[in-house]
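Novice: here's a sequence, model it:
(one chain, ligands or ions: 1)
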Amino acid sequence: MGVIVAKFGGSSLATAGQFEKVAGIIQADEERRYVIPSAPGKAPGLTRKVTDLLYDCQQAALRGDVRQADELFAQVEERYLSIVQGLGTHFAIEPHLHVVHAAILADPEPDYAASRGEYLNGLILANLLGYDFVDPAEGIVFQQDGHLDEEATQKKLSELLQKHPRAVVPGFYGALPDGHIKTFSRGGSDITGAIVARAVGAELYENWTDVSGFLMTDPRIVDNPRTISMISYKELRELSYMGASVLHEDSIFPVRRRGIPIRVRNTNRPQDPGTLIVPHTDADDRQTSITGIAGRKGFTVIHMEKEQMNGTVGFGRHVLSILERHGVSFEHLPSGIDTLSLVIQDCQLEGKRDAILQELQKEIHPDVLEMHSNLALIATVGRGMIRRVGASATLFTALAEAGVNVRMIDQGSSEINIIVGVEEEDFETAVRAIYAAFVG
Ligand code: ASP
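Specialist: Alright, predicted model coming up:
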């Protein structure tokens with residue numbers, strides 16, 4: 001029998017009704033042996049996540065404002081009591097709530113406080129499913145400097161989980177060598193799911209959320225974009241970097257290394273197949289010739305031309321050393337025989353633009369030196385798309401026909417995307433034109 005690790009996000013576990021859906025999903029497939037819950041998230045009428053309430057409660061306790069801390073903890077209590085009562089399981093959550101409340105007041109540590117959202121949800125879910133409860137403080141090991149100790153975690157967690165054939169492991173936290181609780185960054189239950197999937201050698205990591213997978217582009221720009229049915233880790237990385245977000249970025253690495261696929265699914269629409277993230281996809285498996293389109297605003301291009309640039313030893317290094325002197329990093333570096341462009345995030349250049357331009361002029365003596373701000377970058381991602389005959393033609397014809405002026409092109413050496421820079425005001429028009437040209 002294979003093993004599936006199923007992680008459920010905060011909105012999937014926000015109310016008793018959502019818990020029932022989750023239990024239904026787990027019981028529908030007996031391979032779903034390890035379950036990773038987040039803390040109760042938002043739901044209609046419930047505008048604050050339990051994690052946020054816990055952080056606020058801890059802050060109030062730290063300030064010595066016990067009344068405020070008690071009020072906030074009362075809201076946390078209400079969330080859990082209503083879940084337990086709604087489920088009608090007679091699980092005694094109250095003693096656990098009292099321990100947590102007292103501990104936050106006695107020693108207001110942010111990581112401990114925040115982690116209790118997942119911990120308490122884990123206790124309720126384990127009881128509901130009849131699964132063992134495994135505290136990740138026993139198996140997920142951080143180094144004292146706060147970084148995850150991957151090797152120690154893999155060893156300790158796999159040994160621990162061997163003793164528990166079916167278990168609920170709360171997301172978001174582990175422990176430091178001195179025993180203190182340590183959390184991942186926000187949204188980190190995704191990482192726990194990936195770590196558990198790796199530790200048990202799962203055949204699949206399911207990430208259940210409130211959307212039916214990744215969309216091919218931003219639904220605020222294109223009406224009802226299609227869902228991506230399959231995407232490679234690499235393509236996902238490109239799309240996430242350009243602004244598409246569903247999964248915590250760090251959740252990819254643990255499973256990617258083991259080649260474990262991730263399926264993103266919707267707790268409210270379990271009949272939808274969602275998106276499958278795999279080590280490799282064949283360009284031929286896809287219904288459309290591209291995988292997705294994502295973009296971001298807020299870039300500047302510094303463009304330089306100089307005769308014989310290609311023959312000038314150290315030219316690129318000299319240009320980049322000027323950026324380095326100003327503590328500025330670049331995002332892309334498209335170049336031709338005698339041209340070089342630097343694509344930089346606007347925020348990096350604040351207060352430094354003039355000085356950088358002057359130094360480039362003085363030290364590099366370019367024939368042309370131009371700076372364009374208010375640029376948006378758009379990545380059209382699809383494995384093998386650069387080599388596919390006609391892909392660039394389709395892209396640039398679509399932009400030309402939509403009246404969009406392309407300020408920069410970067411096909412880079414990556415074979416999976418073409419990045420164009422357009423004026424920010426053309427951003428939405430450009431995304432719609434590319435989508436229409438490739439997807440319809
Ligand atoms: N509950 C945590 C947060 O709100 C972690 C998570 O949900 O993944 O960030």
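
Novice: which secondary element of the protein has the worst mean pLDDT?
Specialist: When each helix and strand of the chain is scored by mean pLDDT, DSSP states H and E, helix 233-241 comes last, with a mean of 84.

Novice: so after that helix, what's the next helix or strand?
Specialist: Next along the chain after helix 233-241, taking DSSP states H and E as the criterion, comes helix 252-258.

Novice: list the helices and strands that following helix packs on?
Specialist: In terms of contacts (3 or more Cβ pairs under 8 Å, 6 or more residues apart in numbering; DSSP states H and E), helix 252-258 is packed against helix 189-199, helix 233-241. Any C-beta I mention is one placed from the backbone N, CA and C, and that applies to glycine too.

Novice: residue 65: neighbour count?
Specialist: By other Cβ atoms under 10 Å, the residues close to residue 65 number 13.

Novice: er, residue 50 I mean
Specialist: Residue 50 is surrounded by 26 other residues when neighbours are defined as other Cβ under 10 Å.

Novice: return the residues in contact with it.
Specialist: Neighbour list for residue 50: 10, 39, 40, 41, 76, 79, 117, 121 [criterion: Cβ atoms under 8 Å, 6 or more residues apart in numbering].

Novice: by neighbour count, which of the residues you listed wins?
Specialist: Across the contacts of residue 50, neighbour numbers were computed from other Cβ under 10 Å; residue 117 holds the maximum, 33 neighbours.

Novice: any idea how far that residue is from residue 5?
Specialist: Here residue 117 is placed at a distance of 20 Å from residue 5 (Cβ to Cβ, to the nearest Å).

Novice: same check on residue 411?
Specialist: The separation that residue 411 has from residue 5, given Cβ to Cβ, amounts to 37 Å.

Novice: the two - which one has more neighbours?
Specialist: Neighbours were counted for residue 411 and for residue 5 using other Cβ under 10 Å; residue 5 has more, 30 against 14.

Novice: can you pull the pLDDT of the more buried one?
Specialist: In this prediction, residue 5 carries a pLDDT score of 98.

Novice: now residue 243
Specialist: pLDDT, residue 243: 74.

Novice: ramachandran coordinates for it?
Specialist: In terms of degrees, to the nearest 10, the main-chain angles of residue 243 are phi 120, psi -10.

Novice: start to end distance for stretch 335-344?
Specialist: Taking Cα to Cα, to the nearest Å, stretch 335-344 runs 14 Å from one end to the other.

Novice: just how off-centre is it within its chain?
Specialist: In terms of Cα atoms, centre = their mean, to the nearest Å, the gap separating the centre of stretch 335-344 from the centre of its chain is 30 Å.

Novice: same question for the helix ranked longest in the chain: list its buried residues.
Specialist: What stands out as the longest helix in the chain, according to DSSP state H, is helix 66-87. Counting neighbours by 16 or more other Cβ atoms under 10 Å, one finds that the buried residues in helix 66-87 are 69, 72, 73, 76, 77, 79, 80, 83, 84, 87.

Novice: didn't the fifth one look like it was pressed against residue 98?
Specialist: No - shown here, residue 77 and residue 98 do not form a contact pair, counting by Cβ atoms under 8 Å, at 9.3 Å.

Novice: quick check, residue 75 in contact with residue 53.
Specialist: Yes - in this structure, residue 75 sits in contact with residue 53. The criterion is Cβ under 8 Å, and the distance is 5.4 Å.

Novice: backbone dihedrals for the most centrally placed residue in the chain, please?
Specialist: Compute the mean C-alpha point of the chain, and by Cα atoms, centre = their mean the closest residue is residue 248, 2.7 Å away. Backbone geometry at residue 248, expressed as degrees, to the nearest 10, gives phi -60, psi 130.

Novice: residues touching the residue nearest to it when sequence neighbours are not counted, list them.
Specialist: For residue 248, the nearest residue in space outside its immediate sequence neighbours is residue 190; the separation is 3.9 Å by Cβ to Cβ, 6 or more residues apart in numbering. When the contact criterion is Cβ under 8 Å, 6+ apart, the partners of residue 190 are 7, 171, 207, 247, 248, 250, 251.
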